[in-house]
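Visitor: predicted model and sequence below, questions to follow.
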Amino acid sequence: MSKRESSGYKGEALKALINAGCQVGDVIRVTRYEKTYTDKPSSRNYGGKPVKQPCEEKAYEGILIPRSETGDDKHIVVKLKSGYNVGIRVTPEVKIEKIGKGTKPAFASPPLPEQKPELPKVIILSTGGTIASRVDYRTGAVRSALSASDLYGVVPELSDIARVKTEIVFSIYSENLTQQHWKQLAKIVAEHIWQGTDGVVIAHGTDTMAYTAAALSFALQNLPVPVILVGAQRSSDRPSSDAATNLIAAVQAATRGPFADVGLAMHETLSDIAIAVSRGTKVRKCHTSRRDTFKPVNGRPIALVKNNEIIMLTDNYQKRDAARKLVLKPEFSEAVAIVKFHPGLNPAVIDWHVKRGCKGILLEGSGLGHVSKYCFDAIGNAIKRGVVVALASQCIWGRVNMNVYDTGRDLLALGVVPLEDMFPETALVKLMWVLGQTSNPKEAKKLLKTNIAGEFSPRTMAEEIGVEGESADGN
Ligand code: GLU
């Protein structure tokens with residue numbers, strides 16, 4: 001077995017597979033022989049000595065599938081006919097046999113449906129993540145499914161909604177995206193808009209999709225058409241997948257939505273009935289696995305896509321207007337850090353960021369906007385050295401008000417910039433974007449306080465934050 005064919009196997013497991021002449025993809029039988037003992041001497045066990053006996057119920061047949069590179073060197077993984085994977089420990093009592101040769105995995109794309117000239121144009125940009133993945137059940141490998149032809153195979157309904165073009169921009173999990181990827185993506189979106197698309201859809205991993213949504217909201221100003229990010233919590237080959245419903249709704253919103261903002265389209269609730277399109281600067285991943293993981297924060301969704309209808313939930317949006325001239329501002333600073341306040345936070349963390357050349361620090365303060373007084377010296381010193389220090393509340397919902405308690409007032413006096421009702425992730429992305437536009441702290445502070453993409457709402461309404469009555473500060 002070559003290094004490539006070994007697909008994650010190493011050590012004892014790899015040796016056993018080589019000895020058995022097996023490669024990933026082969027159909028194999030693995031029989032575990034157990035040492036059995038008996039008290040009574042018989043003709044078969046030579047007076048109570050341990051003997052190896054085949055245990056039929058411990059024989060497994062299936063396809064040898066790749067192992068995770070971080071897996072140990074003692075197990076092999078077999079995909080059984082039932083579809084389940086079983087990990088089997090390789091010991092001297094385990095016999096591995098090849099019973100069928102593997103064939104290379106193949107996915108035959110269905111023919112492309114005809115483009116209907118009367119339909120609007122949409123570009124679907126794929127960046128990776130679950131929505132762009134399909135598990136090959138023969139080998140267990142995950143592959144990107146969002147080439148143009150694969151896409152139609154997975155969601156053929158799209159050809160009745162729009163003339164679809166697709167482009168694979170990245171094929172990576174969203175936790176691996178950086179400011180450089182946001183910049184590249186913003187430029188590609190802009191090019192498609194300048195070429196006259198009627199809407200843009202970006203298929204994205206859900207983990208950091210809200211960060212990218214915020215980044216694009218700041219980078220793509222004065223949009224003429226909608227830019228909709230979409231993800232899935234379950235890949236498209238699983239019965240419970242939300243990939244198709246989310247993608248269809250995203251294409252509908254991008255091509256027929258009356259708004260021209262950056263939005264994020266995902267399940268509104270656990271049911272498939274409605275997909276919520278939330279503002280790119282006001283949405284957060286709130287659950288590790290539920291399909292309705294994204295929740296609007298301190299605002300309502302812009303729209304719902306329900307029964308093929310787009311239901312607007314607000315009139316606070318920029319109207320679609322093909323004639324509007326997009327303004328592209330794709331620079332983001334990498335010299336920005338987030339410091340979450342917690343009881344016992346060591347202020348040396350702030351000093352360390354300043355020392356290594358940080359130009360902006362986003363403090364995740366407690367409550368209405370507080371950080372313990374034992375951090376004041378470090379914060380004051382950072383500001384004196386030209387670092388922009390801003391603050392958003394770790395409460396997520398609600399608005400900072402740093403005038404209520406003297407801790408807040410002291411921080412304001414040091415020069416900390418309060419970021420209203422922005423939650424920390426959007427605030428962080430905004431700080432990165434602001435310092436990508438200017439290195440002048442005064443100008444940066446001004447930009448930070450300017451509402452660029454609906455990241456501040458004028459007032460946080462009680463019904464939007466899921467509580468009855470008003471908050472302590474009257475907001
Ligand atoms: N962690 C990966 C990502 O964010 C996969 C999870 C997902 O797509 O939801 O890209």
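Guide: Great, that's in hand.
Visitor: would you check how far apart the closest residue to the ligand within the chain and Gln437 are?
Guide: Going by Cβ to the nearest ligand atom, the ligand is nearest to Gly205 of the chain, at 1.6 Å. Every residue, glycine included, has its C-beta placed from N, CA and C. Noted for Gly205: a distance of 27 Å to Gln437, by Cβ to Cβ, to the nearest Å.
Visitor: what are the phi and psi values for the closest residue to Leu447 other than its chain neighbours?
Guide: Once flanking residues are discounted, Leu447 sits nearest to Val434: 4.6 Å by Cβ to Cβ, 6 or more residues apart in numbering. Torsion angles at Val434 (phi, psi; degrees, to the nearest 10) stand at phi -60, psi -50.
Visitor: hang on, Val434 packs against Gly360?
Guide: Yes: using Cβ atoms under 8 Å, Val434 is in contact with Gly360, at 7.4 Å.
Visitor: find residues that contact each of the two.
Guide: 333, 388, 444 (Cβ atoms under 8 Å, 6 or more residues apart in numbering).
Visitor: which ones are touching the second one?
Guide: In other words, Val388. 359-361, 417, 431, 434-435, 441, 444-445, 448.
Visitor: likewise Lys373?
Guide: Residues near Lys373 by Cβ under 8 Å, 6+ apart: 407, 410.
Visitor: please repeat the previous calculation with a cut-off of 10 Å.
Guide: Lys373 makes contact with 379, 406-407, 410-411, according to Cβ atoms under 10 Å, 6 or more residues apart in numbering.
Visitor: now, those residues that are in helices?
Guide: Taking DSSP state H as the definition of helices, those contribute 379, 406-407, 410-411.
Visitor: farthest pair within those?
Guide: Ile379 and Asp406 (15.1 Å; Cβ to Cβ).
Visitor: neighbour count: these two, which is higher?
Guide: Each of Ile379 and Asp406 has its neighbours counted (other Cβ atoms under 10 Å); Ile379 has more, 25 against 12.
Visitor: if I look at the more buried one, how far off is Ile123?
Guide: In this view, Ile379 and Ile123 are 44 Å apart by Cβ to Cβ.
Visitor: shouldn't Arg300 be in contact with Tyr317?
Guide: No: counting by Cβ atoms under 10 Å, Arg300 sits too far from Tyr317 to count as a contact (11.1 Å).
Visitor: need the overlap of contacts for the two.
Guide: Common contacts of Arg300 and Tyr317 (Cβ under 10 Å, 6+ apart): Arg279.
Visitor: the residue nearest to Leu447 against Val336, yeah?
Guide: Yes: if you go by Cβ under 10 Å, Val434 and Val336 touch, sitting 9.0 Å apart.
Visitor: list residues touching both of these two?
Guide: Residues touching both Val434 and Val336 (Cβ under 10 Å, 6+ apart) are 359-360, 388, 390.
Visitor: want to throw these into CSV with distance to Leu270?
Guide: Below are the shared contacts of Val434 and Val336 laid out as CSV (distance: Cβ to Cβ, whole Å):
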residue, distance to Leu270
Lys359, 42
Gly360, 38
Val388, 41
Ala390, 36
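Visitor: from the residues you listed, which land in strands?
Guide: 360, 388, 390 (DSSP state E).
Visitor: ok, now which ones touch Ile275?
Guide: 230, 242, 245-250, 252-253, 265-268, 292, 301, 303-306.
Visitor: let's see it at 6 Å
Guide: By Cβ atoms under 6 Å, 6 or more residues apart in numbering, the contact set of Ile275 is 246, 249, 265, 305.
Visitor: repeat that for Leu220.
Guide: With contact set as Cβ under 6 Å, 6+ apart, Leu220 has these partners: Ala186.
Visitor: circling back: redo the ones in strands among the shared contacts of Val434 and Val336 as JSON lines? Include pLDDT and distance to the ligand.
Guide: Converted to JSON lines, those look like this (pLDDT from 0 to 100; distance: Cβ to the nearest ligand atom, whole Å):
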{"residue": "Gly360", "pLDDT": "98", "distance to the ligand": "25"}
{"residue": "Val388", "pLDDT": "98", "distance to the ligand": "29"}
{"residue": "Ala390", "pLDDT": "98", "distance to the ligand": "26"}
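Visitor: for Ile168, phi and psi?
Guide: phi -90, psi 110.
Visitor: close to the ligand, is the longest helix seen in the chain?
Guide: Longest helix of the chain, by residue count under DSSP H: helix 179-194. No: judged by Cβ under 6 Å from any ligand atom, helix 179-194 makes no contact with the ligand; its nearest approach is 11.9 Å.
Visitor: returning to what we had before: now the residue nearest to Leu447: how far from Ala213?
Guide: 17 Å.
Visitor: same check, this time on Gly100
Guide: 47 Å.
Visitor: so which of those two has more stuff around it?
Guide: Using other Cβ under 10 Å as the criterion, Gly100 and Ala213 rank with Ala213 on top: 29 against 12.
Visitor: what helix or strand does that one sit in?
Guide: helix 209-219 (DSSP states H and E).
Visitor: which stretches of the stretch 151-300 of the chain have low pLDDT?
Guide: Scanning the stretch 151-300 of the chain with the threshold set as pLDDT under 70 gives 152-153, 236-237.
Visitor: now the strands for it?
Guide: 163-168, 200-203, 220-221, 227-230, 262-267, 274-279, 283-285, 294-296 (DSSP state E, counting those that start in this stretch).
Visitor: now the residue of the chain closest to the ligand. Nearest residue, chain neighbours left out?
Guide: Gly129 (2.4 Å).
Visitor: state the pLDDT value of that neighbour.
Guide: pLDDT recorded at Gly129 is 83.
Visitor: pull the number of nearby residues for it.
Guide: Quick note: Gly129 (other Cβ under 10 Å) scores 26 neighbours.
Visitor: equivalent analysis for the one 3 residues further on, please.
Guide: Counted with other Cβ under 10 Å, the burial measure for Ala132 works out to 31 neighbours.
Visitor: and the closest residue to Asp292 other than its chain neighbours, what are its bridge partners?
Guide: Ranked by Cβ to Cβ, 6+ apart and with sequence neighbours excluded, the top spatial neighbour of Asp292 is His267, at 4.5 Å. Taking DSSP bridges as the rule, His267 bridges to Ile275.
Visitor: His267 and Val283, how far apart?
Guide: 13 Å.
Visitor: now swap in Pro296 and tell me
Guide: 5 Å.
Visitor: got it, and Leu158?
Guide: In terms of Cβ to Cβ, Leu158 sits 24 Å off from Val283.
Visitor: quick one, which of those two is more surrounded?
Guide: Each of Leu158 and Val283 has its neighbours counted (other Cβ under 10 Å); Val283 has more, 29 against 24.
Visitor: the more buried one: what's it in contact with?
Guide: Contacts for Val283 (Cβ under 6 Å, 6+ apart) come out as 210, 264, 294, 296.
Visitor: ok so, going back, turn the contacts of Val388 into TSV, including neighbour count.
Guide: Shown next, in TSV, are the contacts of Val388 (neighbours: other Cβ atoms under 10 Å):
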residue	neighbour count
Lys359	22
Gly360	25
Ile361	26
Val417	26
Leu431	29
Val434	27
Leu435	25
Pro441	19
Ala444	22
Lys445	17
Leu448	23
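Visitor: which one of these sits closest to Ser82?
Guide: Nearest member of these to Ser82, counting by Cβ to Cβ, is Leu431, at 50.6 Å.
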